[in-house]
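1. give me the fold of what follows.
(one chain, ligands or ions: 1)
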Amino acid sequence: MMSKQANKGLAGVIAGRTAISTVEAAGTGLFYRGYNITDLATYASFEEVAYLLIYGALPDAKTLIDYRNRLKALRELPDILKELLERIPATANPMDVLRTGCSALGCLEPETQTNHAANIADRMIACFASMLMYWYHFHHSAKRIETQTDDETIPSHFLQLLLGKTADEQDRKTLDVSMILYAEHEFNASTFAARLTSSTLSDFYSAITTAIGTLRGPLHGGANEAAMNLISGFSSEHDAELGIKRLLDDKKLVMGFGHRVYRHGDPRSSIMKSRAKQLADKRGEQLLFKISERIEEVMMREKGLFPNLDFYSASAYHFCKIPTVFFTPLFVIARTSGWAAHIIEQRGDNHLIRPNAEYIGPAPRPYPIKG
Ligand code: COA
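-> Numbers count the residues shown, from 1 in each chain. This next block holds a predicted model:
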């Protein structure tokens with residue numbers, strides 16, 4: 001008989017089956033369709049990984065060139081969407097801009113038999129940076145930018161639009177690696193939300209819009225921005241030591257630490273840490289890196305907690321001169337590939353996701369009929 005007792009936050013519950021990615025049983029490794037993320041981060045590119053997730057196999061050299069060209073051709077925004085982006089206030093949260101932009105694209109280029117899931121996934125991966133940067137430059141640089149660039153890759157396109165020039169090779173590589181690591185992560189909250197929406201047979205855009213809204217929270221994707229705000233608030237290693245202890249004494253969460261599925265360390269974190277270290281050395285930003293390391297030491301010593309992917313992604317992005325408010329939107333661009341793969345998989349063997357609840361309300365009672 002089914003237990004009626006709820007599991008807080010569905011922790012430990014097997015909520016479905018997937019062939020897309022898995023966390024190693026010991027909770028120490030992560031694999032996308034059987035490939036270790038360490039190998040993918042070392043040898044592959046973000047577009048290769050996006051293709052692997054969405055289409056199910058690694059592309060050969062020619063397919064990868066074709067795929068990159070296809071993504072390149074999908075960067076332009078419809079005029080109506082540009083008008084809409086111009087009307088969204090300059091003060092809006094960039095995550096809200098992407099969520100709204102995604103929803104608007106669903107009205108302009110709706111899902112049909114021919115404009116199917118994989119098409120739309122490619123379109124979104126290709127044009128999310130365009131949306132974000134069009135909105136940003138319109139309001140903050142008073143420019144209507146061209147979103148079509150010659151850049152071969154998604155990270156280069158993003159940085160080109162942000163900076164208005166070709167970014168440094170090491171920065172492009174760092175962003176590429178981080179997007180590979182952010183691309184997919186089993187039944188995390190936003191992916192599960194996307195699958196849930198898909199399970200009602202809703203459209204692709206609705207599922208991605210749901211996912212963006214879920215990723216925005218600081219317990220999930222929003223943690224990379226929260227981590228940066230935390231790190232940059234300390235003036236020295238000593239200051240960080242005291243500040244973190246104070247937060248822990250006050251029973252506050254330290255963003256960028258801990259994880260629901262990893263209990264001994266996030267296998268993605270050390271990859272980003274070494275990237276952040278290289279950039280810190282190159283840019284002469286050792287203090288910020290040392291502060292980050294001190295926070296890591298204190299969290300391990302005081303709570304036995306390790307940094308998750310978001311912690312060192314934050315300083316790596318910062319060293320690439322990416323404004324903090326764009327950290328979680330970058331996560332969106334990368335994770336769209338994983339969301340898309342899960343939506344397609346959910347549709348392939350759909351069953352409405354509709355769990356039960358453990359009822360803790362009043363027992364049945366009579367309605368107080370008046371008069
Ligand atoms: N800072 C301080 N304490 C933390 C913590 C953090 N980042 N993460 C977990 N803890 C504490 C919890 O408060 C809890 O303490 P308690 O036993 O005294 O109540 C204990 O560690 C166990 O945590 P648990 O409740 O098992 O974690 P969870 O699985 O519910 O939560 C997270 C996982 C990710 C939500 C949680 O670690 C967190 O909020 N981290 C910060 C946000 C973040 O970085 N999110 C990105 C995740 S990739």
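2. looking at Ile26 now. What's its pLDDT?
-> Not Ile; residue 26 is Ala. Per-residue pLDDT puts Ala26 at 71.
3. residue of the protein closest to the ligand, please.
-> As assessed by Cβ to the nearest ligand atom, the ligand sits closest to Gly258 within the chain, at 2.4 Å. (Each C-beta comes from the backbone N, C-alpha and C, glycine too.)
4. show me the contacts for that residue.
-> Applying Cβ atoms under 8 Å, 6 or more residues apart in numbering to Gly258 gives the contacts 305-306, 308.
5. most surrounded residue in those?
-> Note: the member of the contacts of Gly258 with the most neighbours is Asn308, at 23 neighbours, neighbours being other Cβ atoms under 10 Å.
6. pull the contacting residues for that one.
-> Counting by Cβ under 8 Å, 6+ apart, Asn308 touches 223, 256-259, 262, 266, 268-269.
7. would you turn these into a markdown table with distance to Thr149, pLDDT and secondary structure?
-> Shown next, in a markdown table, are the contacts of Asn308 (distance: Cβ to Cβ, whole Å; pLDDT from 0 to 100; DSSP: H, G, I helix; E, B strand; the rest coil):
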| residue | distance to Thr149 | pLDDT | secondary structure |
| --- | --- | --- | --- |
| Ala223 | 30 | 96 | helix |
| Gly256 | 32 | 97 | coil |
| Phe257 | 37 | 97 | strand |
| Gly258 | 38 | 95 | coil |
| His259 | 36 | 93 | coil |
| Tyr262 | 37 | 90 | coil |
| Asp266 | 33 | 94 | coil |
| Arg268 | 28 | 97 | coil |
| Ser269 | 31 | 96 | helix |
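8. those, buried ones only, as a PyMOL selection?
-> Selection of buried members from the contacts of Asn308 for PyMOL, criterion 16 or more other Cβ atoms under 10 Å:
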select buried, resi 223+256+257+258+259+262+266+268+269
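9. Leu77: which of the contacts of Asn308 is nearest?
-> Ala223 (29.0 Å; Cβ to Cβ).
10. could you measure from that closest one over to Met300?
-> Applying Cβ to Cβ, to the nearest Å, the value for Ala223 to Met300 is 18 Å.
11. that older thread, CSV for the contacts of Asn308, including distance to Tyr136?
-> As requested, these are arranged in CSV below (distance: Cβ to Cβ, whole Å):
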residue, distance to Tyr136
Ala223, 22
Gly256, 24
Phe257, 30
Gly258, 31
His259, 31
Tyr262, 33
Asp266, 30
Arg268, 27
Ser269, 29
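12. could you dump stretch 164-177 to CSV, C-alpha only?
-> C-alpha atoms of stretch 164-177 as CSV (Å, rounded to 0.1, in the frame of the first residue of the first chain):
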residue,chain,number,x,y,z
GLY,A,164,30.5,45.2,-28.2
LYS,A,165,33.8,43.6,-29.3
THR,A,166,35.3,40.1,-29.6
ALA,A,167,36.0,38.8,-26.1
ASP,A,168,39.3,37.4,-24.8
GLU,A,169,39.9,33.8,-25.8
GLN,A,170,40.2,32.6,-22.2
ASP,A,171,37.0,34.3,-21.2
ARG,A,172,35.1,32.6,-24.1
LYS,A,173,36.5,29.3,-23.1
THR,A,174,35.6,29.8,-19.4
LEU,A,175,32.0,30.7,-20.4
ASP,A,176,31.9,27.7,-22.8
VAL,A,177,33.0,25.3,-20.0
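13. in it, what's buried?
-> The neighbour-count check on stretch 164-177 (16+ other Cβ under 10 Å) flags 167-168, 171-177 as buried.
14. next, Ala227: phi, psi?
-> Dihedral pair for Ala227: phi -60, psi -40, per degrees, to the nearest 10.
15. that one reaches Leu309, doesn't it?
-> No: between Ala227 and Leu309 there is no contact under Cβ atoms under 8 Å: 10.1 Å.
16. okay, those two: which has more neighbours?
-> Ranked by neighbour count (other Cβ under 10 Å), Ala227 and Leu309 place Ala227 first, with 28 against 25.
17. give me the nearest residue to that one, chain neighbours excluded.
-> Gly256 (3.3 Å; Cβ to Cβ, 6 or more residues apart in numbering).
18. contact partners for the one you found?
-> By Cβ under 8 Å, 6+ apart, the contact list for Gly256 reads 223-224, 226-227, 230, 307-308, 310-311, 314.
19. now do the buried residues in stretch 131-147.
-> 131-139, 145, 147.
20. contacting the ligand as well, which ones from these?
-> Residues shared between the buried residues of stretch 131-147 and the neighbourhood of the ligand: none [Cβ under 6 Å from any ligand atom].
21. got JSON lines for the residues you listed, with pLDDT too?
-> As requested, those are exported to JSON lines (pLDDT from 0 to 100):
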{"residue": "Met131", "pLDDT": "98"}
{"residue": "Leu132", "pLDDT": "98"}
{"residue": "Met133", "pLDDT": "98"}
{"residue": "Tyr134", "pLDDT": "98"}
{"residue": "Trp135", "pLDDT": "98"}
{"residue": "Tyr136", "pLDDT": "98"}
{"residue": "His137", "pLDDT": "98"}
{"residue": "Phe138", "pLDDT": "98"}
{"residue": "His139", "pLDDT": "98"}
{"residue": "Ile145", "pLDDT": "98"}
{"residue": "Thr147", "pLDDT": "97"}
